[in-house]
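Chemist: Requesting a structural model of the entry that follows:
(2 chains)
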Amino acid sequence: MDSNLIIANVLSLTLFVISLFISLRGFYLYVQSRSRRLFILGLSMAVIALTAIAGFLGDNVTAISLNVDWFNYIGQTVSFLFILLSLMRNSNDYLRRLTTWHVIISLLILLLLFLSPVLPAEFPDPALTKTLLSGSRGIICFIIFFYYVSAFFSKETRFSLLMAGAFLLLSSGYLVILPKYAYANMDLLDHVGDVTRIVGSIILLSAVLLG
Amino acid sequence: MNNHGSDSNFSQASVGRKQLIITAQLYRAATTMRHIDELFLWIVRVIMQAFDIQVTQLWAQQAQTTGQYILQLRAMARQDNTLPSTVVANQQVGATIEYVFNEQHPQLFQRVDYLFSTHQGTLLMRYGLNYCSGYFLRNPARLPPAQQSSTAQEIPTPLTIIVLLLTRQPLSADVLAAINLILEQAIPIAGKHGLLLPASNSVDGSSYTQAQAVQQAAQQAGQFNFSELIPYPLEDAALMKSNNPFAGSVAIPDKQARRLYATIDGHKNLAEICRDLNTSLKDVYPALQYLLTQQRIQLATRNGQIINNAQLPGKL
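Modeler: Got it, this is the predicted structure:
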């Protein structure tokens, strides 16, 4: 197997397992607590888990053409965005409206997954489009990182420290791979980005288990 | 009495039976007691054993001849005797108890890191003491100075006590209500057996009771229609920021309280919520109190005036 594919597969499967675990646990705690923030977390991580497994299938299943990049980039961007938005305010009305929009937009994003066999393989102006879509994930994760840094300074907890670390690594992982969309022979950067995101995901899991 | 199993294993019926048994046993035991501190020690030990409470403390306000009031730890019981007493009875805990005294909430229920300082909260959680519940009780009958009192400056004081419970797991609404009933009944039992002194006729004593009467009259003057109050859900501001939601403290363990919380949307009043749940306000009141003490909700009038928990009746 191509070494590029090995690292990509490890990333996909790691992200899938960790996101799925957090999603299931988030939904379970939502049922126990009725906290809308937990519902948003559960739904976001469920979509991210789907993007991870879709990416794995897209890379490894060659019998049919699965153009999952649309779903992956947009799904992850939107999911991280809703996690960020859920941290911004506490009011019940705000979280209720946010939850409603999250469900609607997630259902629309799932359409991209179901339409992946028929979606165009290439993005229009791929260098720019992929940079924007991929980069937006990194920027949103970077903003979330700052939220957790701020939370850590106001109350020093292991949870906020680990979450800050996780989102810093996820953000770095997304941002460091941006040059590969514009330039050739960027495999090393791609690997660095993938490994960084693998470590970030593991720290995310550590945060929810040990924080 | 069954002392085994987690709090969630206490069914409503068994909790109710325990409360009745404990009250009956207290009535019998009080006949042999010579000092109120013996009753306090008996209560904290029995509550600890019956409801699987890790640490039970009883703090009382003590007046001195100088006119000052101090807080005294009159009784404490620990399930684990290897737990250093300095962890649960120290200056920081005393300062927090004093704050709770000043707030005068009839009941409180919180995670320890929400109530105590960061250092004290972390210390308690390290020993598995993750939650605290408190009961504030007041009575014009006077509390004699502590049996072990070493100073002549302490004088009989109108009874003002806080019972603090430190637990590993959150207590259910039924257990909280049962303990509240036991404590409320303990005071008249103590009075009947001569363990408390009658309310004072002195200037200080009458001022105290007059102040209480004025406070009650003021509350009654501003009374509201209870069923028209609107409960608002309170989202934990630190959830998913500083506090790990997966640590388990976010769940509402009481099923009835959880069911009630699910129907609260910040728009329906209590009457409408009871209609949706097909239940009466009296039946839903324990769950409502539980959510209030856990700070999951707050009550407000239609005009937006927030209702202090102290303004609510103890029971319906």
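
Chemist: measure stretch B:61-79 end to end?
Modeler: Using Cα to Cα, to the nearest Å, the span of stretch B:61-79 from its first residue to its last is 25 Å.

Chemist: which residues touch the closest residue to A:Leu11 other than its chain neighbours?
Modeler: Closest residue to A:Leu11 apart from its sequence neighbours, by Cβ to Cβ, 6 or more residues apart in numbering or on different chains: A:Asp194 at 4.6 Å. C-beta here means a position set from N, CA and C on the backbone, and glycine is covered the same way. If you count contacts by Cβ atoms under 8 Å, 6 or more residues apart in numbering or on different chains, A:Asp194 has them with A:7-8, A:10-11, A:173, A:177.

Chemist: Report the buried members of the residues you listed.
Modeler: Those of the contacts of A:Asp194 that meet the buried threshold are A:7-8, A:11, A:173, A:177, by 16 or more other Cβ atoms under 10 Å in any protein chain shown.

Chemist: For chain B, state which of those residues is nearest.
Modeler: Closest approach between the buried ones among the contacts of A:Asp194 and chain B, by Cβ to the nearest Cβ: A:Gly173, at 21.5 Å.

Chemist: Next up, the contacts around that closest one.
Modeler: Listed by Cβ under 8 Å, 6+ apart, the contact partners of A:Gly173 are A:138, A:193-197, A:200.

Chemist: As a markdown table, the residues you listed with secondary structure would be great.
Modeler: Below are those laid out as a markdown table (DSSP: H, G, I helix; E, B strand; the rest coil):
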| residue | secondary structure |
| --- | --- |
| A:Gly138 | helix |
| A:Gly193 | helix |
| A:Asp194 | helix |
| A:Val195 | helix |
| A:Thr196 | helix |
| A:Arg197 | helix |
| A:Gly200 | helix |
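
Chemist: what two of those have the greatest distance between them?
Modeler: Maximum pairwise distance among the contacts of A:Gly173 (Cβ to Cβ): 15.3 Å, between A:Gly138 and A:Val195.

Chemist: between these two, which one's more packed in?
Modeler: A:Gly138 (21 against 15; other Cβ atoms under 10 Å in any protein chain shown).

Chemist: Test my guess that that one contacts A:Phe167.
Modeler: No: using Cβ atoms under 8 Å, A:Gly138 is not in contact with A:Phe167; the gap is 10.2 Å.

Chemist: where in the chain is pLDDT low?
Modeler: All of this is about chain A. Scanning chain A with the threshold set as pLDDT under 70 gives A:1-3.

Chemist: other chain: chain B
Modeler: For chain B, the ranges with pLDDT under 70 are B:1-10, B:104-107, B:148-153, B:200-224, B:248-249, B:308-316.

Chemist: ok, now how distant is the residue nearest to A:Leu11 from chain B?
Modeler: From A:Asp194 across to chain B, the span is 26 Å (Cβ to the nearest Cβ, to the nearest Å).

Chemist: what's the answer for A:Leu115, then?
Modeler: 32 Å.

Chemist: Report how many residues lie close to that residue.
Modeler: 12.

Chemist: if I pick the closest residue to chain A within the stretch 1-150 of chain B, what's in contact with it?
Modeler: In the stretch 1-150 of chain B, the residue that lies nearest chain A is B:Thr118 (7.2 Å; Cβ to the nearest Cβ). Shown in contact with B:Thr118 (Cβ under 8 Å, 6+ apart): A:155-156.

Chemist: Up against chain B, what does chain A have?
Modeler: Taking Cβ under 8 Å from any Cβ of the partner chain as the test, the list of chain A residues beside chain B reads A:25-26, A:29, A:32-38, A:41, A:86-87, A:90-93, A:95-96, A:147-148, A:151-152, A:154-157, A:159-160, A:207-209, A:211.

Chemist: now do 7 Å
Modeler: With Cβ under 7 Å from any Cβ of the partner chain as the criterion, chain A meets chain B at residues A:25, A:29, A:32-35, A:37-38, A:41, A:87, A:90, A:92-93, A:95, A:147, A:151, A:155, A:157, A:159-160, A:208, A:211.

Chemist: Which positions within stretch A:108-122 qualify as buried?
Modeler: Buried positions in stretch A:108-122, judged by neighbour count with 16+ other Cβ under 10 Å: A:109, A:112-113, A:116, A:119.

Chemist: Please tell me how far the closest residue to B:Thr122 other than its chain neighbours sits from B:Gln169.
Modeler: Leaving aside its chain neighbours, B:Thr122 sits nearest to B:Asp113 (7.0 Å; criterion: Cβ to Cβ, 6+ apart). Using Cβ to Cβ, to the nearest Å, we find B:Asp113 at a distance of 15 Å from B:Gln169.

Chemist: So for these two, which sits in the more crowded spot?
Modeler: Between B:Asp113 and B:Gln169, counted using other Cβ under 10 Å, the more crowded position is B:Asp113 (20 against 16).

Chemist: Then the more buried one would be within a strand, right?
Modeler: No: counting by three-state DSSP, B:Asp113 is not part of a strand but helix.

Chemist: At the contact with chain A, which residues of chain B appear?
Modeler: Residues of chain B found near chain A (Cβ under 7 Å from any Cβ) are B:232-233, B:235, B:237-246, B:250-252, B:261-262, B:266.

Chemist: buried sites along the helix or strand harbouring A:Ile202?
Modeler: Following DSSP states H and E, one finds A:Ile202 within helix A:187-210. Under the neighbour-count criterion of 16+ other Cβ under 10 Å, helix A:187-210 has A:190-194, A:196-201, A:203-208 buried.

Chemist: again with stretch B:234-245
Modeler: Those buried within stretch B:234-245 under the rule 16+ other Cβ under 10 Å are B:234-236, B:238-245.

Chemist: export stretch A:146-154 as CSV, just CAs?
Modeler: In CSV, the C-alpha atoms belonging to stretch A:146-154 read as follows (Å, rounded to 0.1, in the frame of the first residue of the first chain):
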residue,chain,number,x,y,z
PHE,A,146,-8.4,30.7,21.8
TYR,A,147,-11.7,30.1,23.5
TYR,A,148,-10.1,27.3,25.5
VAL,A,149,-7.0,29.3,26.3
SER,A,150,-9.3,32.0,27.7
ALA,A,151,-11.3,29.4,29.7
PHE,A,152,-8.0,28.1,31.1
PHE,A,153,-6.9,31.5,32.2
SER,A,154,-10.2,32.2,34.0
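
Chemist: Now do the contacts for the closest residue to A:Ser79 other than its chain neighbours.
Modeler: Nearest residue to A:Ser79, sequence neighbours excluded (Cβ to Cβ, 6+ apart): A:Ser44, at 3.9 Å. A:Ser44 makes contact with A:79, A:82-83, according to Cβ atoms under 7 Å, 6 or more residues apart in numbering or on different chains.
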